[in-house]
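S.K.: following is a predicted model, sequence given first.
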Amino acid sequence: MDDIAKQILAERALAAARRSVACRYAGAAFAYVSGSIIRGEGTEFSDIDLVIVFPALERAWRESFTEDEFPVEAFVHDPQTLAHYIHQDAESGYPIMGNMVATGSILGPEFERARAIQEKAAGMLAAGPKPLAGPAYDALRYHVTDLADDLRGKRPPEEVAAIAAHLYQKLADLILLGHGQWAGRGKWAPRLLRAFDPQLASEFDTAFRLATQGEAARFLDLADRTLALHGGRYFDGYRQDAPLAARRLE
């Protein structure tokens, strides 16, 4: 798809978002329309991300529907629930909601209020994630160690591929968060790796592709080098406490 076609697609998607807000969310104070298709980077299969903000709600929700043949993922909030999820995502290292708000086109009557929230989200993104520390850091180091150890033994190619697929996200998280970069799930992991370090991203991609073919050595080496930056393998001494509520009375 060339640039002109992508621009036309983006304009159609924005028009579909406007109809969705007007018809489905009457009374909303404002909305953010985001996603790759709105940025002019999508395909005919891309969806529209729509963050709807009402003055007040009993609870937030999300829903999916189709508008003018575009799949739409709608996240419906009031200012307080939106703030909660932006904060929660930022704490996790995956600023999904913050990205949608910071990069979205604003619709609706309360533009200035929407813009103020957008600027706050953009500032959060620019500041970067909190430093890796505590139980979440321990768990990430442990999981990379455990999965890397699974790759050390001689295994059938299909098992190597399955382990590598599981390790991909954990290792990408440790690389990105360990360097003070935001992490991302799915398609966002390779995008963020490329943005951070194109050479490392290329090495990561090559090593992973080989691992999916049953050749684990290069992906294992990358995992070991990454762990070395965080004190080496982490297995002995790892502990994860269950929640106090994890109990069922018979």
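M.R.: Right, received. Where do you want to start? Residues are numbered from 1 along each chain as shown.

S.K.: tell me the centre residue of this structure?
M.R.: Gly184 (3.4 Å; C-alpha atoms, centre = their mean).

S.K.: local confidence estimate at Met1?
M.R.: As predicted, Met1 sits at a pLDDT of 61.

S.K.: same question, Leu132
M.R.: 93.

S.K.: again with Glu69
M.R.: 88.

S.K.: what's it sitting at in phi/psi?
M.R.: Backbone torsions for Glu69, taken as degrees, to the nearest 10, come to phi 70, psi 0.

S.K.: pLDDT weak spots in this protein?
M.R.: The chain contains residues with pLDDT under 70 at 1.

S.K.: tell me the domain ranges of it?
M.R.: 3-127, 134-228 (automatic domain parsing).

S.K.: show me where this protein has strands.
M.R.: 30-34, 48-53, 61-67, 70-77, 105-107 (DSSP state E).

S.K.: hmm, who's touching the shortest one?
M.R.: If you take C-beta atoms under 8 Å, 6 or more residues apart in numbering as the criterion, strand 105-107 is touched by 14, 17-18, 21, 30-34, 38, 114-115, 118. The C-beta positions use only the backbone N, C-alpha and C, and glycine is treated the same way.

S.K.: returning to that earlier point: for the residue lying closest to the residue nearest to the centre of the chain once chain neighbours are set aside, give its distance to Glu112.
M.R.: Ranked by C-beta to C-beta, 6 or more residues apart in numbering and with sequence neighbours excluded, the top spatial neighbour of Gly184 is Leu192, at 4.8 Å. Separation of Leu192 from Glu112 (C-beta to C-beta, to the nearest Å): 31 Å.

S.K.: tell me which of the two has more neighbours.
M.R.: Leu192 (18 against 9; other C-beta atoms under 10 Å).
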